[in-house]
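**Q** take this sequence and fold it.
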Amino acid sequence: MSVGVQRLRDEADRIRQGAIDKGEDPAAVDQARSLDERRRTLVAEGDALKAERNAGSKRIGEAIRGGADPNGPEVAELKVAAIAAGERIAAIDAELATVEAELAAAMLRIPNPADPDVPIGGEEANLTVRTWGEPLPRGARRPHWEIAEELGMIDLARGAKISGSGFPVYVGDGSALQRALISWFLDVHTREHGMTEVWPPAVVNTASATGTGQIPDKEDQMYVVTRDDLYLVPTAEVPVTNLHRDEILDAASLPIRYAAYSPCFRREAGAAGRDTRGILRVHQFDKVEMVSFTAPDESTQELEWLTGRAEVLLQRLGLAYRVLLMSTREMGFVQARKYDLEVWAPGVERWLEVSSVSNFRDYQARRMAIRHRAEAGARPELVHTLNGSGLALPRTLAALIETHQQPDGSILVPEPLRPYLGGRDRIGPA
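**A** Coordinates of the predicted model:
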């Protein structure tokens with residue numbers, strides 16, 4: 001369960017409104033409330049019958065000890081009542097198991113309510129928190145696919161031949177630049193930001209996908225390995241957050257911060273007919289993910305810290321960007337608060353999302369039973385989980401190609417990447 005049954009009882013109206021604000025059907029909230037009431041009724045009835053049965057058994061024993069005939073009518077009547085109570089208890093237990101299963105399923109369909117100060121609405125309600133850099137004027141650069149094709153960096157046609165559209169092949173300098181970005185991202189996060197590097201599996205089981213909220217919300221967007229009941233990861237968030245599923249963490253170790261590279265697979269690559277050229281919307285892409293586990297009273301500042309770590313990378317790459325506080329309908333099913341980092345791509349003349357940094361509060365932790373003890377001997381409490389792209393490719397690569405292309409058709413390599421490319425400062429025609 002995600003929002004928690006007790007919270008559903010205490011804040012039913014807010015949770016219902018939270019679903020509406022996110023554009024989700026609040027019927028799951030109403031269903032869960034009804035099932036919870038039925039569950040409590042069954043538990044109370046079952047407990048009363050069990051007490052009655054126990055009392056009846058005690059009366060049978062007392063009657064026999066008092067001299068009553070074990071096969072006589074007095075004892076027989078008591079036994080009939082005990083059998084009837086047992087049958088009713090069995091029926092209640094069976095119904096209770098069904099109700100509890102339905103309640104658990106309904107709870108999984110209730111979205112995480114947004115923080116109270118998150119703007120309500122769609123794309124028009126997103127708030128620009130800050131900007132960095134000066135966006136190049138429209139028309140100042142060519143689109144990335146033209147440059148990449150001329151320099152032999154990306155082969156979209158052969159990718160489509162091998163796997164289908166949305167599966168680009170990076171070749172030569174394109175592959176090297178992709179690898180340089182991934183290595184540099186990981187090095188900055190681990191060496192400067194103190195994160196622990198993780199290289200997670202590229203497939204996860206149903207429990208893992210349910211724990212982070214991909215199931216049931218985004219199940220139709222995931223690639224399924226049917227034979228083995230596994231899912232290709234849509235993001236490293238899924239396996240890395242599940243590292244501590246069903247664990248009680250040492251409070252002294254918080255925050256726990258990870259950085260992980262993974263290939264990412266998503267069936268839904270965007271609206272049909274939109275961004276079909278280039279590498280802006282693809283089914284397979286690479287990403288370095290940041291994941292954090294914190295004490296509840298530290299997650300608000302942790303979100304700001306994680307967002308800043310992603311911004312450091314964009315600044316050093318010399319890419320103009322903006323930070324948006326996402327509105328309720330733009331933030332997703334499981335997030336309580338989310339920032340999007342968008343870079344300006346002058347070739348396609350658009351802002352491109354390259355990072356989403358989110359605070360889930362205790363929503364995911366409740367699903368995965370990730371807890372901590374504030375002090376020795378204290379009752380375990382849920383942690384808060386956060387994650388953010390640090391950064392996502394290939395849009396970062398597209399913006400880099402478009403921003404740093406030179407009049408002669410070459411690409412100026414940002415200084416931090418040069419050691420990863422053998423010291424080269426440009427990528428140009430052979």
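**Q** in the stretch 151-300 of the chain, where is pLDDT below threshold?
**A** Counting by pLDDT under 70, the ranges of the stretch 151-300 of the chain that qualify are 269-276.
**Q** strands of that one, residue ranges please.
**A** Remark: strands assigned in the stretch 151-300 of the chain by DSSP state E, counting those that start in this stretch are 154-155, 169-170, 196-198, 203-204, 224-225, 230-232, 248-250, 256-265, 284-294.
**Q** could you dump these to CSV with distance to residue 52 and mean neighbour count?
**A** For the C-beta atoms, the positions are set from N, CA and C on the backbone; glycine is no exception. Formatted as CSV, the strands of the stretch 151-300 of the chain follow (distance: least, Cβ to Cβ, whole Å; neighbours: other Cβ atoms under 10 Å):
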stretch, distance to residue 52, mean neighbour count
strand 154-155, 74, 23
strand 169-170, 72, 18
strand 196-198, 55, 15
strand 203-204, 47, 20
strand 224-225, 49, 13
strand 230-232, 48, 20
strand 248-250, 39, 14
strand 256-265, 50, 21
strand 284-294, 47, 25
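**Q** looking at those, which is nearest to residue 218?
**A** Comparing the strands of the stretch 151-300 of the chain by their distance to residue 218 (Cβ to Cβ), the top pick is strand 230-232, with 10.1 Å.
**Q** how far off centre is the longest helix along the chain?
**A** Counting residues, the longest helix found in the chain (DSSP state H) is helix 27-65. Chain-centre distance of helix 27-65: 39 Å, with Cα atoms, centre = their mean, to the nearest Å.
**Q** now the strands of the stretch 151-300 of the chain as CSV including distance to residue 128?
**A** As requested, the strands of the stretch 151-300 of the chain are arranged in CSV below (distance: least, Cβ to Cβ, whole Å):
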stretch, distance to residue 128
strand 154-155, 31
strand 169-170, 32
strand 196-198, 32
strand 203-204, 35
strand 224-225, 38
strand 230-232, 34
strand 248-250, 36
strand 256-265, 27
strand 284-294, 22
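**Q** out of the ones you listed, nearest to residue 93?
**A** Residue 93 lies closest, by Cβ to Cβ, to one member of the strands of the stretch 151-300 of the chain: strand 248-250, at 30.3 Å.
**Q** each with direction, which strands does the closest one pair with?
**A** Strand pairing for strand 248-250, using DSSP bridges, gives strand 371-373 (parallel).
**Q** which is the succeeding secondary structure element to the strand it pairs with?
**A** Per DSSP states H and E, the first helix or strand lying C-terminal to strand 371-373 is strand 381-382.
**Q** pairing partners for that next one, with directions?
**A** strand 371-373 (antiparallel).
**Q** what sits up against the strand it pairs with?
**A** Under the criterion Cβ atoms under 8 Å, 6 or more residues apart in numbering, residues 247-251, 254, 295, 365, 379-383 lie in contact with strand 371-373.
**Q** 7 Å instead?
**A** Residues from elsewhere that reach strand 371-373 (Cβ atoms under 7 Å, 6 or more residues apart in numbering): 248-249, 251, 254, 295, 380-383.
**Q** how about stretch 29-36?
**A** In contact with stretch 29-36 (Cβ under 7 Å, 6+ apart) are residues 5, 8-9, 12, 15-16, 19, 99, 102-103, 106-107, 110.
**Q** run the chain-centre distance for stretch 156-166.
**A** Distance, centroid of stretch 156-166 to centroid of chain: 28 Å (Cα atoms, centre = their mean).
**Q** extract the CA atoms of stretch 17-35 and return them as CSV.
**A** This file holds the C-alpha atoms of stretch 17-35, laid out as CSV (Å, rounded to 0.1, in the frame of the first residue of the first chain):
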residue,chain,number,x,y,z
GLN,A,17,-8.6,15.8,-4.2
GLY,A,18,-5.0,15.0,-4.8
ALA,A,19,-6.0,12.3,-7.3
ILE,A,20,-8.3,14.8,-9.1
ASP,A,21,-5.5,17.5,-9.2
LYS,A,22,-3.2,15.0,-10.9
GLY,A,23,-5.9,14.1,-13.5
GLU,A,24,-6.4,10.7,-12.0
ASP,A,25,-9.7,8.9,-11.4
PRO,A,26,-10.5,9.2,-7.7
ALA,A,27,-12.7,6.1,-7.8
ALA,A,28,-9.8,4.1,-6.3
VAL,A,29,-9.9,6.3,-3.2
ASP,A,30,-13.7,5.7,-2.8
GLN,A,31,-13.2,2.0,-3.4
ALA,A,32,-10.4,1.7,-0.9
ARG,A,33,-12.4,3.6,1.8
SER,A,34,-15.4,1.2,1.2
LEU,A,35,-13.2,-1.9,1.3
